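Asks: just to be clear, the model below is a prediction. Sequence and coordinates:
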Amino acid sequence: MSGTLQICDTTLRDGNHAVGHQLGAQDIGAYARAAEAAGVDVVEVGHGNGLGASSIQVGIAAISDAEMLRAAKAELRRSRLGVLSIPGFASIERDLKPALDCGVDEVRVGAHCTEADVTRQQITMLRAMGVTVKGMLLMSHMASAKKLVEQAQLMQDYGAEAVVLMDSAGAYTPRKVREKVGELVDKLDIAVGFHAHNNLGLSVVNSMTAMEAGATIVDVTARGFGAGAGNAPIELVAANLHVEQAETRISLFGALDAADTAEERFVKHVPTNDSVTIASGIAGVFSGFAAPVRRAARRFAVDPREILLELGERRVVAGQEDTIIEVAMRLAAERTPGDLPPHTSADHI
Amino acid sequence: MRTPEHPAPLRTAVVGTGNIGTDLLLKIETSPLLTCVLFAGRRAESPGLEVARGRGVATSTDGIEAVVEAGDDIDLVFDATSAADATRHWDLVEPLGLPFIDLTPANRGTFCVPALNLEDCVEEQYLSMVTCGGQAAVPMAQCITRVAGHVDYLEIVSASASASVGPASRANLDEYVHTTEQATSEFCDATRTKTVLIINPADPGIVMRNSIAVSTTERVDLDALRDAVTTMEKQIRSYVPGYRVVVPPVATGDRYMLTVEVEGRGDHFPRYAGNLDIITCAAVAAAEARAGRGRS
């Protein structure tokens, strides 16, 4: 591990997946205060799918983007306020400009790992406005190291100051982390980051491996609070960095306190692995699908693992939650030949 | 000279030789009411130019300038470039008095969704074909709001195969979102609307999908809604045969949703790329309506 590491705390963004995007202003303010005290570099806030994503398709948020951002900003001094923007969900006029007015310090513009060219419009515009902007490659287990380098270089060319590999499905093993992060560090002129999920129980070791391979940005959440099996817990990453004596702004006790604060206030269930999240990791399906898959499986009395494996074969990506209900209905129909009942209720909406 | 009794095909020019322009060309070629007399782009290496030449259609790499030059021999201009270029092109075409059918999300003309307002807008000089997602979803969205009376919130989520989404579309995602939302507000009685676009990387590509969901405090008669949706499906199938409802209207509490898929004819891209057909067929339908005025 070399140079100063940057810790990006996504509790208040990825964690929103774990509570159906229901984080309220008071919890957001309280956690932002704890993250500031812990010395995290960036506090990322918003709907789980980022700016402008509150929708029936991926979940209606309890409060608006602006309310979330203002609640966090009021508590931040040295820590920077970050947002995720996924073109197709968020647009510059409707979402990004109002967010910047709330005091956002940096924007991570994300796209599926093979579609980086859709970020050009936003990255270029933000860079021209003088905003710190980074690129995020989602579901990055789905592309080869070579393809990821090509896509990350596009983001670098547009003006991104860093590129973060998202293991959105929690499908990486340490060997893959070493290979893909190492290749990006080798080929890019800008910083590289890693965003872990814990579907295969590897979020902490994958984050540490990414840093060993040269990543200088690492995403964490309190108690791993995030989509599906959750993320790399801030308290465990901080503990490992402490043991390794890594150079970072984060304080060990501050991180432990932040995680306690989160659990006391809003982490209703500390993320764990069960058959659904493990199947999701093996199938390489976006972690955020876990909750709607469980609901659809109950509604149509089919095995959630079968839904996930079929979704994996179809290579669905984040935002395609409508496919879940179709797959569940089809599996149910195959099991019991005959017509579907009319007016079937779609639980996931 | 053509007469109402024996109209010669309308002479059209297509500017933009990418995925949408090329698919449009192939659709024009099968229309008895239209002919393409000029296929113009900017990139000499564009595969679309080769397709056009192979069919004996005149091509140019001078873009809109070639169209303006040939203005006297053209009856109608299709624009399949990008939002920024279409805006510039309209400024050049307007003084010529030629009808302009815009397949980009530049959003400066009158919205045209053939299943909803073809008769009302056919006389307009500048028709905006909204977006592919708009053409696929807005008619169904209007079915819901018509049956419900009014909805508080309406959203459209469209997913298309990565390979079918060309560079100009990728550079225009913001314009896509705004234009689709604006058209939704214009055609549907909804307090708030939202549009989401997903580009799916699976290979082979996914069939274009569109989910329409609303929340409303009004009671919605699901039988009436299903009837309206079936009727609309038939109407759209008359110009896009691969349009079909895959999840009929379902309800949970105050929410209602349905999903449609659009399979294309497989002209320029494999059949999964219904996102091309839904807008190129709509544009052809609009041009044919203009060509066919006075007939029948």
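Replies: The structure has been received and is ready for your questions.
Asks: tell me how many other residues crowd the nearest residue to residue A:168 once chain neighbours are set aside.
Replies: Take residue A:168 and drop its neighbours on the chain: the residue closest to it by CB to CB, 6 or more residues apart in numbering or on different chains is residue A:139, 4.6 Å away. The C-beta positions use only the backbone N, C-alpha and C, and glycine is treated the same way. Residue A:139 has 26 neighbouring residues, counting by other CB atoms under 10 Å in any protein chain shown.
Asks: doesn't residue A:169 make contact with residue A:139?
Replies: Yes. With contacts counted by CB atoms under 8 Å, residue A:139 reaches residue A:169, the gap being 6.2 Å.
Asks: name the residues contacting each of those two.
Replies: A:284, A:286 (CB atoms under 8 Å, 6 or more residues apart in numbering or on different chains).
Asks: backbone phi and psi for the residue sitting furthest away from the middle of chain B, please?
Replies: Largest separation from the mean C-alpha position in chain B: residue B:253, at 33.0 Å (CA atoms, centre = their mean). The phi/psi pair for residue B:253 (degrees, to the nearest 10) reads phi 60, psi -120.
Asks: just residue B:120 next, same as before
Replies: phi -80, psi -30.
Asks: for it, give its distance to chain A.
Replies: Relative to chain A, residue B:120 is positioned 28 Å away (CB to the nearest CB, to the nearest Å).
Asks: tell me which residues touch residue A:283, please.
Replies: Listed by CB under 8 Å, 6+ apart, the contact set of residue A:283 reads A:169, A:308, A:309, A:311, A:312, A:313.
Asks: the same query, at a cut-off of 6 Å, please.
Replies: A:308, A:309, A:312 (CB atoms under 6 Å, 6 or more residues apart in numbering or on different chains).
Asks: okay, it: pLDDT?
Replies: Note on residue A:283: pLDDT of 95.
Asks: how about it, nearest residue that isn't a chain neighbour?
Replies: Distance criterion CB to CB, 6+ apart; nearest residue to residue A:283, sequence neighbours excluded, is residue A:312 at 2.9 Å.
Asks: in the strand or helix carrying that neighbour, what's buried?
Replies: Assessed by DSSP states H and E, residue A:312 sits inside helix A:304-313. When burial is assessed from 16 or more other CB atoms under 10 Å in any protein chain shown, helix A:304-313 yields the following buried residues: A:304, A:305, A:306, A:307, A:308, A:309, A:310, A:311, A:312.
Asks: list the contacts for the residue farthest from the centre of chain B?
Replies: Residues counted as contacts of residue B:253 (CB under 6 Å, 6+ apart): none.
Asks: hey, where'd the strands end up in the stretch 201-349 of chain A?
Replies: A:217-220 (DSSP state E, counting those that start in this stretch).
Asks: next: chain B.
Replies: Using DSSP state E, the strands of chain B run over B:10-15, B:34-40, B:59-60, B:76-79, B:100-102, B:110-111, B:126-128, B:151-161, B:190-200, B:208-215, B:243-252, B:255-262.
Asks: now render those strands as CSV, adding mean neighbour count, mean pLDDT and distance to residue A:47.
Replies: Shown next, in CSV, are the strands of chain B (neighbours: other CB atoms under 10 Å in any protein chain shown; pLDDT from 0 to 100; distance: least, CB to CB, whole Å):
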stretch, mean neighbour count, mean pLDDT, distance to residue A:47
strand B:10-15, 25, 98, 39
strand B:34-40, 22, 97, 43
strand B:59-60, 21, 97, 47
strand B:76-79, 27, 98, 35
strand B:100-102, 26, 98, 33
strand B:110-111, 18, 98, 29
strand B:126-128, 25, 98, 30
strand B:151-161, 25, 96, 14
strand B:190-200, 22, 94, 12
strand B:208-215, 27, 96, 16
strand B:243-252, 20, 94, 20
strand B:255-262, 24, 96, 18
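Asks: what pLDDT is listed against the residue nearest to residue A:168?
Replies: Residue A:139 carries a pLDDT score of 93 in this model.
Asks: ramachandran angles for it?
Replies: phi 50, psi 40.
Asks: how about the nearest residue to residue A:291 once chain neighbours are set aside, secondary structure?
Replies: Take residue A:291 and drop its neighbours on the chain: the residue closest to it by CB to CB, 6+ apart is residue A:20, 7.1 Å away. Following DSSP: H, G, I helix; E, B strand; the rest coil, the label given to residue A:20 is coil.
Asks: and residue A:20, how many residues sit next to it?
Replies: The burial count for residue A:20: 14, using other CB under 10 Å.
Asks: okay, it: pLDDT?
Replies: At residue A:20, the pLDDT value in this model is 91.
Asks: same thing with residue A:343?
Replies: Per the predicted model, pLDDT is 39 at residue A:343.
Asks: next one: the one 4 residues further on
Replies: At residue A:347 the predicted local distance difference test score is 37.
Asks: about what we covered before: list the contacts for the residue nearest to residue A:168?
Replies: Residue A:139 neighbours (CB under 6 Å, 6+ apart): A:112, A:113, A:168, A:317.
Asks: of those, the lowest pLDDT goes to which?
Replies: Among the contacts of residue A:139, residue A:317 has the lowest pLDDT, at 79.
Asks: quick check: the gap between it and chain B.
Replies: For residue A:317, the distance to chain B (CB to the nearest CB) stands at 6 Å.
Asks: pretty sure that residue contacts residue A:114?
Replies: No. At 9.7 Å, residue A:317 does not count as touching residue A:114 under the criterion of CB atoms under 6 Å.
Asks: these two - which one has more neighbours?
Replies: residue A:317 (28 against 22).
Asks: how far away is that one from residue A:181?
Replies: Between residue A:317 and residue A:181 the distance is 21 Å, computed by CB to CB, to the nearest Å.
Asks: likewise residue A:242?
Replies: 22 Å.
Asks: same check, this time on residue A:291
Replies: Separation of residue A:291 from residue A:181 (CB to CB) stands at 29 Å.
Asks: who's more crowded, these two?
Replies: Neighbours per residue, other CB under 10 Å: of residue A:291 and residue A:181, the larger number sits with residue A:181, 26 against 19.
Asks: ok, residues contacting the helix or strand encompassing residue A:67?
Replies: Take DSSP H and E as the rule and residue A:67 turns out to sit in helix A:65-73. Residues outside helix A:65-73 that contact it (CB under 6 Å, 6+ apart) are A:25, A:28, A:29, A:32, A:43, A:45, A:46, A:51, A:81, A:99, A:102, A:103.
Asks: distance from it to the middle of the chain?
Replies: Distance, stretch centre to chain centre, for helix A:65-73: 18 Å (CA atoms, centre = their mean, to the nearest Å).
Asks: how about the helices in the stretch 51-200 of chain B?
Replies: Per DSSP state H, counting those that start in this stretch, the stretch 51-200 of chain B carries helices over the ranges B:64-69, B:83-93, B:114-121, B:132-148, B:167-171, B:173-187.
Asks: just name the most buried of the ones you listed.
Replies: Most buried of these, by mean neighbour count (mean count of other CB atoms under 10 Å in any protein chain shown): helix B:132-148, with a mean of 26.
Asks: and chain A, is it touching that?
Replies: No. Shown here: helix B:132-148 not in contact with chain A (CB under 6 Å from any CB of the partner chain), separated by at least 10.3 Å.
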